[in-house]
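**Q** Pasting a predicted model and its sequence here:
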Amino acid sequence: MFNNVLILSASAGAGHTRAAQAIERALVEMNAARKVHHIDTLAYTNKLFRNLYAKAYIEMVNRMPDVFGWLYDQFDKPWKNERRRLAFDKLNTRPFVKLLRDEQPDITICTHFLPAEIISWLKAKARLATRQAIVVTDLDAHAMWLCHHYEQYFVAMDETRAHLEKLGIPADKITVSGIPIDPAFAEPRDRREMRLKHDLSEDRPTILVSAGGFGTGAINHLLTALFDLKHPAQIVAVCGRNEELKRELDHAVARASPDHIAVKVIGFTNQMHELMAASDIVLGKPGGLTMSEALTMGLIFVIVNPIPGQEERNSDHLLEAGVAIRCNNLPVLAYKIDRLLDEPVRMARMQENARRMARPRAAFDIVNRLLALNEG
C-alpha cells in the first residue's frame with residue numbers, strides 16, 4: 001500500500017483529467033493508498049501561463065487546427081528542445097514545485113507531460129524523493145512525454161511500447177496498460193435496456209454524436225448532413241454544458257429533421273456510459289479518452305475532421321485496426337454511414353475488432369503494476 005499518492009493532470013482538454021479520475025477511483029476501490037490526492041497542475045502556475053496552456057490550446061484547436069498540427073509535428077522531435085521547454089516551464093510552475101516539496105508524495109502518477117517534466121527535473125537535482133509513473137493518454141507517445149527520471153511508463157499499445165524502446169526507454173520500465181477510463185464503462189449493460197431507459201427506439205441503428213471539439217456551426221452542419229441518411233436511424237446529440245448549442249440544435253431538429261430520423265438532443269449528462277451502451281456508432285473526433293470508452297463499448301467510430309496531431313494519429317490506428325471509417329467531406333457523411341448500415345456482417349466484425357482493441361481495466365492494471373513495483 002502507498003502512503004501518499006499524488007495524481008497530476010492538467011486542464012488542457014478534458015482527457016487528462018478524466019484519466020486521472022479513473023486512476024483515482026481505482027486506487028480508492030482497491031484500497032491501495034492511505035492518501036490519494038488528484039491535482040490540476042495548472043492550478044499551481046501563474047495566471048498567464050495557465051491561460052496559455054488551457055485557453056490558448058482550446059482556441060488553437062478550434063480556430064487554427066492546421067497551426068496546431070504543424071506545432072505538434074515540430075515539437076515531436078525526441079530529446080530535442082527539452083532544455084528550452086524545461087526552462088520555460090520551471091519559470092512558471094514555482095507554486096507547483098512548492099506543493100510537491102510540501103506534500104512529499106511517495107509516488108506521483110502523471111496523466112499530462114507538464115508535471116512529469118518538472119518532477120523529472122526535481123528528481124535529477126535530488127530535490128524530490130518520489131517515484132514517478134507517466135500515463136500516456138493517446139495511442140502514440142509524442143516527444144513531449146519523454147523525460148529522464150521516472151520509474152514506469154504506461155502506454156496504450158504494443159506499437160507505442162516498441163517506439164519508446166527505440167527511443168531508449170528500458171523495456172522493464174514500460175507497461176502496455178491501455179488508457180485509463182472510468183470503470184463504469186467496463187460494466188456490462190444490455191443495449192435494449194439502455195435504449196428503453198433513455199426513451200430510444202429498440203430497433204433503430206443509433207448514432208451517438210458528442211459535441212466536444214466541435215464549434216456551434218460545425219455541429220449544426222454535422223447534424224444536417226445526417227438528415228440525408230436513407231436508413232431509418234436515431235441520433236443522440238450530447239451538447240455538454242453548452243446551452244446555446246443545445247438551443248440551436250433543438251431548433252435545427254424542429255426545422256429540418258425528416259420523419260425517419262429521430263433526434264434526441266441532450267445537455268450535460270453523467271450517463272455517457274449508458275448512452276454509449278445504447279448506441280451502435282459514435283461519430284466525432286477520436287480523443288484518447290472518448291476513443292477508449294467507445295472501444296470498450298464495442299462501438300464503431302465514424303471519424304469526422306480529426307484535429308491534426310494526436311487525433312490524426314489516433315485515427316490512423318483505429319482505421320488500421322478495422323474499427324473505424326473516416327469522412328473527410330461532410331456532404332457524403334450520410335452516404336458513408338448508409339453503406340456501413342447496408343453491411344451488418346461488416347459492422348459486427350468492426351464491433352468485435354473494437355472489443356478486441358479495448359482495455360476496459362486499464363486503471364486497475366496500472367494500480368496493480370505500481371503496487372507490484374512498490375513491493376519489489
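**A** All right, it came through fine.
**Q** chain center to stretch 337-357, what's the gap?
**A** On the basis of CA atoms, centre = their mean, to the nearest Å, the separation between the geometric centre of stretch 337-357 and that of its chain is 22 Å.
**Q** May I see the buried residues of that stretch?
**A** 337, 340-341, 347, 350-351, 353-354, 357 (16 or more other CB atoms under 10 Å). Glycine gets a C-beta too; all of them are placed from N, C-alpha and C.
**Q** Please apply the same query to stretch 320-338.
**A** Taking 16+ other CB under 10 Å as the neighbour-count basis, stretch 320-338 is seen to contain the buried residues 321-327, 333-334, 336-337.
**Q** Secondary structure, distance to residue 55 and pLDDT added to the buried residues of stretch 337-357, as JSON lines?
**A** Shown next, in JSON lines, are those (DSSP: H, G, I helix; E, B strand; the rest coil; distance: CB to CB, whole Å; pLDDT from 0 to 100):
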{"residue": "337", "secondary structure": "helix", "distance to residue 55": "34", "pLDDT": "97"}
{"residue": "340", "secondary structure": "helix", "distance to residue 55": "37", "pLDDT": "97"}
{"residue": "341", "secondary structure": "helix", "distance to residue 55": "40", "pLDDT": "97"}
{"residue": "347", "secondary structure": "helix", "distance to residue 55": "40", "pLDDT": "97"}
{"residue": "350", "secondary structure": "helix", "distance to residue 55": "37", "pLDDT": "97"}
{"residue": "351", "secondary structure": "helix", "distance to residue 55": "38", "pLDDT": "96"}
{"residue": "353", "secondary structure": "helix", "distance to residue 55": "37", "pLDDT": "97"}
{"residue": "354", "secondary structure": "helix", "distance to residue 55": "34", "pLDDT": "97"}
{"residue": "357", "secondary structure": "helix", "distance to residue 55": "33", "pLDDT": "95"}
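**Q** which two from the residues you listed end up farthest apart in space?
**A** Across those, the longest distance by CB to CB is 21.7 Å; it joins 341 and 357.
**Q** Strands of the stretch 251-376 of the chain, start to end?
**A** Ranges of strands in the stretch 251-376 of the chain, per DSSP state E, counting those that start in this stretch, are 261-266, 281-284, 300-304, 324-327.
**Q** Could I get the ones you listed in TSV, plus columns for mean pLDDT and distance to residue 53?
**A** What follows is the strands of the stretch 251-376 of the chain, written out as TSV (pLDDT from 0 to 100; distance: least, CB to CB, whole Å):
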stretch	mean pLDDT	distance to residue 53
strand 261-266	92	30
strand 281-284	94	24
strand 300-304	95	26
strand 324-327	96	29
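**Q** Take the ones you listed and lay them out in a markdown table including distance to residue 46.
**A** Below are the strands of the stretch 251-376 of the chain laid out as a markdown table (distance: least, CB to CB, whole Å):
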| stretch | distance to residue 46 |
| --- | --- |
| strand 261-266 | 37 |
| strand 281-284 | 34 |
| strand 300-304 | 37 |
| strand 324-327 | 40 |
